[in-house]
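Asks: Got a sequence here, can you build the structure:
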Amino acid sequence: MSLTIKRQLRSISEVTQLLQLPSHLRAFATYTAYRNQQEDDKLLTEALRGQTQSNGFTPMAPDQQKQQKKAPAVPRPSSSVLLVSPANQVLLLQRVKQSTSFASAHVFPGGNVSNFHDGEPPAPESPERHQDSEIYRLAAIRETFEESGILLARNNGFGRLLEVPEAEREEGRKLIHGNKASFTQWLASKGGRADTQGLVPFTRWVTPTNVPKRFTTQMYLYFLPTLNPAPLGGAAASGDSEAEVQIPAPTTDGGLEHTTARFLPASAWLRLAQEGRIILFPPQFFLLHQLAQHFDQLASSVDYASVSREPVSREELEARRKRLLGFVKTGEPPWTDMCISPSVQPPRGGKRREDGRVVLGLQRPGPELEAAKAGRSGLSDQCVLVDFKKEGPRRLAVISRQEAMGEATKL
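Replies: Below is the predicted model of the structure:
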């Protein structure tokens with residue numbers, strides 16, 4: 001950014017707050033914040049140039065450099081859920097090959113906020129657009145139901161998880177997905193309400209500016225009740241009312257957006273990604289890594305194959321959940337408030353890594369929040385290694401920032 005532009009933006013800030021500016025001046029002020037990321041943009045453009053439309057990216061060629069001068073796409077509000085099974089496994093869905101976002105990748109259930117079902121999100125220039133709210137929570141629960149058939153809702157009478165017969169659930173999924181019935185009204189007709197209070201915020205992710213389709217995605221944790229024993233879709237042996245709830249096995253949406261739906265330990269998903277058998281994008285890989293540290297008792301933090309296959313008691317399952325909940329409230333900022341917009345870190349000393357991977361820093365919240373001076377930030381002490389291939393991200397790993405900033409050829 002030139003010194004002249006810096007002075008102009010500083011002068012504007014002294015006169016009035018960014019959000020009170022007329023639209024044409026607000027656009028100028030925001031644009032200067034985008035220019036702060038110019039170096040990051042060049043690095044990310046190079047890293048993503050090998051991507052194709054088939055996995056959610058528009059191919060980037062040298063002649064597209066001119067497009068980088070335009071303001072990035074406005075992030076679309078969306079939500080995702082790290083849905084934890086009774087046995088502390090995590091649900092992932094595989095996207096269809098034809099999807100325009102994350103094609104063929106394994107993702108958490110989730111999707112865009114719907115004005116019809118969830119309410120109108122805050123305006124693009126408002127910092128509140130990037131904050132947890134009832135709108136994002138409704139979207140998370142609705143999308144989970146549409147995509148997996150699992151209903152995160154409570155009975156209006158006793159407050160236990162709402163049980164709806166399979167035929168009615170499948171009919172409801174189609175009606176809601178087609179906007180032929182309001183999600184909240186459909187729930188009310190079944191005697192229930194969305195369990196928005198059961199969602200625990202677990203970071204927000206803002207897509208980098210070089211990607212054509214951008215999102216501001218609120219991630220949540222949701223714990224299905226532990227059962228003893230706990231086969232999905234099976235009856236529970238315990239006598240308390242919550243344990244008697246029948247939890248349906250996840251199913252796909254009939255191939256509209258997903259082809260598979262399955263619970264596995266977090267470490268198993270991570271191992272499959274590192275072996276190249278599934279595609280995980282950096283946010284999913286990073287968050288699964290955090291869950292594996294608390295759920296899977298690994299020999300080391302990255303030894304995902306070392307997870308024990310021994311049965312775990314209900315008491316221990318609950319204890320691990322409690323430790324995870326304690327963890328997400330820690331940090332500066334806490335994990336519940338982190339806002340992360342991954343950015344490619346410049347190679348130290350100008351030397352590229354021998355293995356060809358790039359380092360994604362996680363400390364920045366994205367240009368929208370930086371422009372609004374909202375005081376949000378991400379995580380400064382961890383990074384993600386990734387090799388961007390045409391089929392999607394490969395050879396991912398979570399490392400410390402200290403390791404990332406070490407000698408590039410030895411990491």
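Asks: Phi and psi next, for S306.
Replies: Backbone torsions for S306, taken as degrees, to the nearest 10, come to phi -90, psi 0.
Asks: Burial check on the closest residue to it other than its chain neighbours, number of neighbours?
Replies: Leaving aside its chain neighbours, S306 sits nearest to A299 (3.8 Å; criterion: C-beta to C-beta, 6 or more residues apart in numbering). C-beta here means a position set from N, CA and C on the backbone, and glycine is covered the same way. Residues near A299, counting by other C-beta atoms under 10 Å, number 11.
Asks: how about A299, secondary structure?
Replies: coil (DSSP: H, G, I helix; E, B strand; the rest coil).
Asks: distance of it from S267?
Replies: Per C-beta to C-beta, to the nearest Å, A299 is found 11 Å from S267.
Asks: Give me the common contacts of those two.
Replies: Here A299 and S267 have S306 as joint contacts, going by C-beta atoms under 8 Å, 6 or more residues apart in numbering.
Asks: give the contact list for T336.
Replies: Contact analysis of T336 by C-beta under 8 Å, 6+ apart lists 132, 200-203, 328-329.
Asks: And these, which of them are buried?
Replies: Buried members of those, counted by 16 or more other C-beta atoms under 10 Å: 132, 200-203, 328.
Asks: Inside helices: which ones of the residues you listed?
Replies: V328 (DSSP state H).
Asks: now the buried ones among the contacts of T336 as CSV including distance to G191 and pLDDT?
Replies: Formatted as CSV, these follow (distance: C-beta to C-beta, whole Å; pLDDT from 0 to 100):
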residue, distance to G191, pLDDT
D132, 27, 98
V200, 25, 98
P201, 28, 98
F202, 29, 98
T203, 33, 98
V328, 32, 97
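Asks: Do a quick rundown of the helices in the chain.
Replies: With DSSP H as the criterion, the chain has helices spanning 3-15, 23-35, 38-48, 134-148, 166-177, 183-189, 266-274, 282-295, 314-328, 367-372, 401-404.
Asks: Among the ones you listed, show the one with the smallest mean pLDDT.
Replies: With a mean of 41, helix 3-15 has the lowest mean pLDDT of these.
Asks: Any idea which residue is closest to the centre of this protein?
Replies: In the chain, the C-alpha nearest the mean C-alpha coordinate belongs to M219, at 4.8 Å (C-alpha atoms, centre = their mean).
Asks: For the stretch 201-350 of the chain, which segments count as strands?
Replies: 215-223, 258-264, 339-340, 343-344 (DSSP state E, counting those that start in this stretch).
Asks: These: lowest mean pLDDT?
Replies: strand 258-264 (a mean of 88).
Asks: that older thread, for V90, state which of the contacts of T336 is nearest.
Replies: Comparing the contacts of T336 against V90 with C-beta to C-beta places F202 closest, at 11.9 Å.
Asks: Now do the contacts for the closest one.
Replies: Contact partners of F202, counting by C-beta under 8 Å, 6+ apart, are 82, 219-221, 287, 328, 335-336.
Asks: export those residues to CSV and tack on distance to E128?
Replies: Shown next, in CSV, are the contacts of F202 (distance: C-beta to C-beta, whole Å):
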residue, distance to E128
L82, 23
M219, 17
Y220, 17
L221, 22
L287, 23
V328, 21
W335, 20
T336, 16
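Asks: can you tell me which of those lies nearest to A73?
Replies: Checking the contacts of F202 against A73 by C-beta to C-beta gives M219 as the nearest, at 20.4 Å.
Asks: Bridge partners for the closest one, pull those for me.
Replies: Bridge pairing for M219 (DSSP bridges) gives the partners S80.
Asks: thinking again about what came up before, with distance to E120 added, can I get the strands of the stretch 201-350 of the chain in a markdown table?
Replies: A markdown table is the format used below for these (distance: least, C-beta to C-beta, whole Å):
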| stretch | distance to E120 |
| --- | --- |
| strand 215-223 | 15 |
| strand 258-264 | 27 |
| strand 339-340 | 21 |
| strand 343-344 | 30 |
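Asks: In this model P282 seems to touch G392, though I could be wrong.
Replies: No. Applying C-beta atoms under 8 Å as the test, G392 and P282 come out as separate, 10.6 Å apart.
Asks: who's in contact with the nearest residue to F286 once chain neighbours are set aside?
Replies: Distances taken as C-beta to C-beta, 6+ apart place V384 nearest to F286, at 5.5 Å, with adjacent residues excluded. Under the criterion of C-beta under 8 Å, 6+ apart, the neighbours of V384 are 282, 285-286, 342, 359-360, 362, 396-399.
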